[in-house]
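Novice: Here is a sequence with its predicted model. Questions after.
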Amino acid sequence: MNLISRAEELILLAILALGDNAYGISILEFLQDKTKNVWSFAQIYDPLDRLTRKGYVKKRQGGSTPERGGRPKSFYKLNAEGRVALVEIRKVQDAVWGCIPENSLA
């Protein structure tokens, strides 16, 4: 089993939540909103590149826009392998958390 990192997990979850609107800035804004932390472009794009290479997400180019200087947006979509990776990491986390006594964090 090849487990994904926490950042990769959060990015995959953001892509899943955003659906057809999952591109770099929307993923960054989603994660900043949900985690209440500042995320840099490198914290988004480096894991996105790894996830694409691993075959967990598919990247496609959208249309170019004048606001982006004619550059197209790159959209990301979770595929079956990405869904499996999320299920696997959730199972591992549940197994580990299940070993922690209830009042340990109190």
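Specialist: On my side now, so go ahead. Numbering: from 1, shown residues only.
Novice: Tell me which stretches of this protein form strands.
Specialist: Using DSSP state E, the strands assigned to the chain run over residues 57-64, 72-78.
Novice: so who does residue 44 touch?
Specialist: Counting by C-beta atoms under 8 Å, 6 or more residues apart in numbering, residue 44 touches 11, 24, 27, 28, 31. Where you see a C-beta, it was placed from the backbone N, CA and C, and this is true even at glycine.
Novice: got a winner among the residues you listed for most neighbours?
Specialist: residue 11 (31 neighbours; other C-beta atoms under 10 Å).
Novice: out of everything not next to it in sequence, what's closest to it?
Specialist: residue 47 (5.2 Å; C-beta to C-beta, 6 or more residues apart in numbering).
Novice: Which pLDDT value goes with that neighbour?
Specialist: You'll see residue 47 listed with a pLDDT of 96.
Novice: Report the contact partners of it.
Specialist: Residue 47 neighbours (C-beta under 8 Å, 6+ apart): 5, 7, 8, 11.
Novice: Return the distance of the third one relative to residue 45.
Specialist: The span separating residue 8 from residue 45 equals 12 Å under the rule C-beta to C-beta, to the nearest Å.
Novice: ok, the two, which is more surrounded?
Specialist: Applying other C-beta under 10 Å to residue 8 and residue 45 shows that residue 8 carries more neighbours, namely 22 against 15.
Novice: where does the nearest residue to the more buried one once chain neighbours are set aside sit relative to residue 9, distance-wise?
Specialist: Using C-beta to C-beta, 6+ apart and skipping the chain neighbours, the partner closest in space to residue 8 is residue 47 (4.9 Å). Using C-beta to C-beta, residue 47 is found at 9 Å from residue 9.
Novice: Quick check: the closest residue to residue 44 other than its chain neighbours vs residue 74, distance?
Specialist: Nearest residue to residue 44 in three dimensions, chain neighbours excluded: residue 28, at 5.0 Å (C-beta to C-beta, 6+ apart). Residue 28 sits at a distance of 13 Å from residue 74 (criterion: C-beta to C-beta).
Novice: And for residue 2?
Specialist: In terms of C-beta to C-beta, residue 2 sits 24 Å off from residue 74.
Novice: So which of these two has more stuff around it?
Specialist: residue 74 (15 against 6).
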